[in-house]
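1. sequence first, then the predicted structure, then my questions.
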Amino acid sequence: MSATTDVKKPSQATQEMNGADILVESLIREGVTDIFAYPGGASMEMHQSLAKAKDRIRTILPRHEQGGSFAAEGYARATGKVGVCMATSGPGATNLMTAIADAFMDSTPLVCITGQVYTKFIGKAAFQETDFFGMTLPVVKHSYLVMDIKDLAYTIREAFKVATTGRPGPVVVDIPKDVQQNMIVPDWPGEITLLDSKLPTFATDQQLKNILHLIEEAKRPMVYYGGGIVAAEAYDELKAFIEKTGVPCSSTLMGVGAFPETHQLSTKWFGMHGSAYGNLAVHNCDLLLAFGVRFDDRITGEVSKFAPQAEIVHIDIDASEHNKNKIVHHPITGDIGHAMGRMVELMEQADFKKPDLGPWVEQIQNWKKDYPFSYEESPHILGQEAIRVLYELTKGEAIISTGVGQHQMWAAQYYDFKYPRHHISSLGLGSMGYGYPAAIGAKVACPDKHVIDIDGDGSFVMNVQELATAKIEKIAAKAMILNNQHLGMVMQWEDRFYDSVRGNTILGDEKNIGSPENLDGLYPNYVEIANGFGLPARRVHKKEELRDAIQEMLDSEEAFLLDVITPYTEHVLPMIPAGKSVDQMIVK
Amino acid sequence: MRHTISVLVENKFGVLARISGLFSGRGFNIHTLNVAPTHDPKVSRVTAVVRGDDSVLDQITKQLKKLINVIEVHDFKKGQAVSRELILVKIEVSAENRSELIQICELFRAKIISVQHEDLVAELTGDEGKITAFLKLIEKFGIIELGRTGNLAMHR
């Protein structure tokens, strides 16, 4: 060895790193503090790097990749930060698929990193190989297959930029094993920018003044707001806009909490199972201000009969949402926070004549009195009641996640959400099994908050294995299962539209169906399951014990499962059957 | 209605799959499709001719604009753009009708680029009307093979 080679000892800045280390360093540079990652052959290199970096980034091992990816979604929904999950190639990657589609539907910023087989094996049907890039194309905002280590650091930078710019969404980064193993001196990218056409645009003053003029003339205006408000974090602008104009509002489920539901001008949320008063208000309004929404079929029902008397203004950052489901009179593309904030400024500058909405607001108050969310008292605990008690005991301060089904609708109906990012639910895709892993993700992000998964017995069991994650990783996410031994929402449709013929909607023994009156028939035993995972749990079936049981769940220092036994005979009401309109709303 | 959609994209793998997926995912068949790099090798132009419902195509055009690697999208209305297509066609010929065929080719300014004893290959460029007329006239000779580039379009 010559003396000269010794002199050329590389400094820190020119140190070679392998791809896996570059990935982890890139994540840290993006501000990632937590990642949900399940290892396997094609991703273990990256787990080795994560192990080395454990003081700087927390790696949480889910017990199924789907659980990990739902947890990353819950994390993102609770914070607005990018949720990050990782899986190996093949089956590890395909197990992320549902969460990716879910994040695509609900515009959740998600970066999914997958290991891929060695580049030389790609296309050879190698062990645990799938074309994950190809497979995810229709459900990603964007995706990358990193074939060269030189592109890796830049790709990660861009992936985070894409996931969070404009309308957020999921991004897949597929990294072959040799790219993880190769060595290179990394070239850390600085600020990067996307193509101009991907950057947010802004409504013009002229467009906004036109809206203000419409409001001045309106007799029965409504604001219909959704997930766009949350994505833009435009809560203050929305509140200022509503209070300055005095226009009442109703949200989508994605928008729940963006404006306090306890506010006098709120009609909570509307749509298929939304408030009757919210539905009536939107149906009868003469001006509909649609802010950050997408006219989903669960909102509109029969679209031609949706808000039939209204002139419709639609502001959204995504131009492709304009006239997609409903032809609107005033489509405006732009950042919703800017648009509402600017309208408030314009109201102050110009002489905005606040319309007299007294009779309209009074009408809505009357609808609220006439058609509140309500249920008939029962000798047994009802799901609605359990949620109401949970609301009281948490003072409406908890973060609530849900599975999909009746319990999901009741959670949104009977828990009043005061804050944004406190209602975490799979809304566009409707993925059962979402609730508990999402609660885990939210709890990791917000350790000082109560995080409770209000779940159904069907949904919960779809990711029951995540109890192990909660136990081992010490994540105190609670599960309150409204256990009616049925797939309640499908059963409700069977009762309403299929002569109550049960098509595989009973979860236990059909000849011995469990209920509050037949405790022996209850299946499975959730308390024993939780105990088996090393977690405390309690079953409650007596009304008089409900409050105490919920308090015990809330007081638990660690994760806790509360199995609430309810009758299966309840239906979610009100209900506007699919493809129908407000005239056909079933209230009782 | 018939639409000619011209998309300028970054020349990266997967772009074409993303674009075609927006059509196939909505049950739309792409009538013609052409892809090639522009004068800037980092940028390619994709030209697709599609028939379908205007509102769905409006939706697809907007979705195309959202794709991260798409630079710009034009949905050309009738008369806004000039468009051309190139075809190669192998036609059966015999000693008796060869001269008639060559005459037709000359009339259409089609180039004959290969001649064999029993067939010849002609190349023709033109708009859709011209190409349809040409194909109609040579049909009787017998078309053995036909290849078309699909439309290319550019703003006037």
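-> Received it, and whenever you're ready, just let me know what you need.
2. now do stretch A:426-440: distance from first to last residue.
-> End-to-end distance for stretch A:426-440: 15 Å, by Cα to Cα, to the nearest Å.
3. quick one: it to chain centroid distance?
-> Computed by Cα atoms, centre = their mean, to the nearest Å, the chain-centroid distance of stretch A:426-440 equals 7 Å.
4. how about stretch A:476-489?
-> On the basis of Cα atoms, centre = their mean, stretch A:476-489 sits 18 Å off its chain's mean C-alpha point.
5. equivalent analysis for stretch B:102-113, please.
-> Its chain's C-alpha centre lies 20 Å from the corresponding centre of stretch B:102-113 when counted by Cα atoms, centre = their mean.
6. what's the answer for stretch A:302-317, then?
-> The chain centroid and the centroid of stretch A:302-317 are separated by 24 Å under Cα atoms, centre = their mean.
7. average pLDDT for it, rounded please.
-> Model confidence over stretch A:302-317 averages 97 on the pLDDT scale.
8. can you give me the end-to-end span of it?
-> 25 Å.
9. next, the buried residues of it.
-> Buried residues in stretch A:302-317, counted by 16 or more other Cβ atoms under 10 Å in any protein chain shown: A:302, A:306-307, A:310-317. From N, CA and C alone the C-beta is placed, and that goes for glycine too.
10. tabulate those (a markdown table), appending distance to A:Ala71.
-> Output for the buried residues of stretch A:302-317, formatted as a markdown table (distance: Cβ to Cβ, whole Å):
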| residue | distance to A:Ala71 |
| --- | --- |
| A:Glu302 | 37 |
| A:Phe306 | 35 |
| A:Ala307 | 37 |
| A:Ala310 | 40 |
| A:Glu311 | 43 |
| A:Ile312 | 38 |
| A:Val313 | 37 |
| A:His314 | 33 |
| A:Ile315 | 32 |
| A:Asp316 | 29 |
| A:Ile317 | 27 |
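11. so what's the residue in chain B positioned nearest to chain A scoring on pLDDT?
-> Going by Cβ to the nearest Cβ, chain A is nearest to B:Lys62 of chain B, at 3.6 Å. Model confidence at B:Lys62, expressed as pLDDT, equals 95.
12. I'd guess it is in a helix, am I close?
-> Yes - when classified by DSSP: H, G, I helix; E, B strand; the rest coil, B:Lys62 is found to be part of a helix.
13. can you pull the contacts of it?
-> The neighbours of B:Lys62, taking Cβ atoms under 8 Å, 6 or more residues apart in numbering or on different chains as the test, are A:319-320, A:322.
14. how does it look with 10 Å?
-> Contact criterion Cβ atoms under 10 Å, 6 or more residues apart in numbering or on different chains gives A:318-324, A:333, B:22, B:73, B:75 as the residues in contact with B:Lys62.
15. can you list the domains in chain B?
-> Domain ranges of chain B: B:2-78, B:82-155, per automatic domain parsing.
16. which of these sits most buried?
-> Among those, domain B:2-78 has the highest mean neighbour count (mean count of other Cβ atoms under 10 Å in any protein chain shown), at a mean of 17.
17. how far does it sit from the chain's center?
-> That offset, for domain B:2-78, works out to 13 Å (Cα atoms, centre = their mean).
18. still on that earlier bit, hey, least reliable of the domains of chain B by pLDDT?
-> Within these, confidence is poorest for domain B:2-78, with a mean of 93 (mean pLDDT).
19. what's the span of that one from first residue to last?
-> Termini of domain B:2-78 sit 9 Å apart (Cα to Cα).
20. repeat for stretch A:497-505
-> Start to finish, the residues bounding stretch A:497-505 are 14 Å apart (Cα to Cα).
21. list the buried residues for that stretch?
-> Of the residues in stretch A:497-505, those buried (16+ other Cβ under 10 Å) are A:Thr505.
22. isn't A:Gln181 right up against A:Ala20?
-> Yes - between A:Gln181 and A:Ala20 there is a contact under Cβ atoms under 10 Å: 7.2 Å.
23. residues shared between the contacts of the two?
-> Contact criterion Cβ under 10 Å, 6+ apart; residues shared by A:Gln181 and A:Ala20: A:Glu45.
24. from the buried residues of stretch A:302-317, which ones fall inside strands?
-> When DSSP state E defines the strands, the subset of the buried residues of stretch A:302-317 inside them is A:311-316.
25. nearest to A:Gly123 among these?
-> Top of the list for closeness to A:Gly123, among those and by Cβ to Cβ, is A:Asp316 at 39.8 Å.
26. am I right that the closest one is in contact with A:Asn325?
-> No - under the criterion of Cβ under 10 Å, A:Asp316 is not in contact with A:Asn325, lying 11.9 Å apart.
27. tell me how many other residues crowd the closest residue to chain B within the stretch 1-150 of chain A.
-> Across the stretch 1-150 of chain A, no residue is closer to chain B than A:His142, which sits at 4.3 Å (Cβ to the nearest Cβ). By the other Cβ atoms under 10 Å in any protein chain shown criterion, the neighbourhood of A:His142 contains 23 residues.
28. how about the contacts made by it?
-> Applying Cβ under 10 Å, 6+ apart, one finds that A:His142 lies in contact with A:158-159, A:161-163, A:169-173, A:194, A:198, B:14, B:18, B:66-69.
29. show me what from the stretch 301-450 of chain A comes close to chain B.
-> Within the stretch 301-450 of chain A, the positions lying close to chain B (Cβ under 10 Å from any Cβ of the partner chain) are A:318-325, A:327, A:333.
30. buried subset of those?
-> Here the buried ones among these, as counted with 16+ other Cβ under 10 Å, turn out to be A:318-325, A:333.
31. just the ones of those residues in strands?
-> With strands taken from DSSP E, the overlap with those comprises A:Thr333.
32. how about the buried ones among the residues of the stretch 301-450 of chain A next to chain B, which pair is most distant?
-> Greatest spatial distance among these (Cβ to Cβ): A:Asn325 and A:Thr333, at 16.2 Å.
33. tell me which helix or strand in chain A has the weakest average pLDDT.
-> Taking mean pLDDT, DSSP states H and E as the measure, helix A:3-7 is the helix or strand of chain A with the lowest mean score, a mean of 44.
34. domain parsing for chain A?
-> As given by automatic domain parsing, the domain ranges for chain A are A:15-189, A:205-370, A:383-565.
35. between A:Gln181 and A:Ala20, tell me which one has more neighbours.
-> Neighbour comparison, A:Gln181 and A:Ala20: the larger count goes to A:Ala20, with 25 against 13 (by other Cβ under 10 Å).
36. need the contact list for the more buried one.
-> Applying Cβ under 10 Å, 6+ apart, one finds that A:Ala20 lies in contact with A:43-50, A:52, A:115, A:152, A:175, A:177, A:179-182.
37. now those residues: which count as buried?
-> Among these, those classed as buried by 16+ other Cβ under 10 Å are A:43-50, A:115, A:152, A:175, A:177, A:179-180, A:182.
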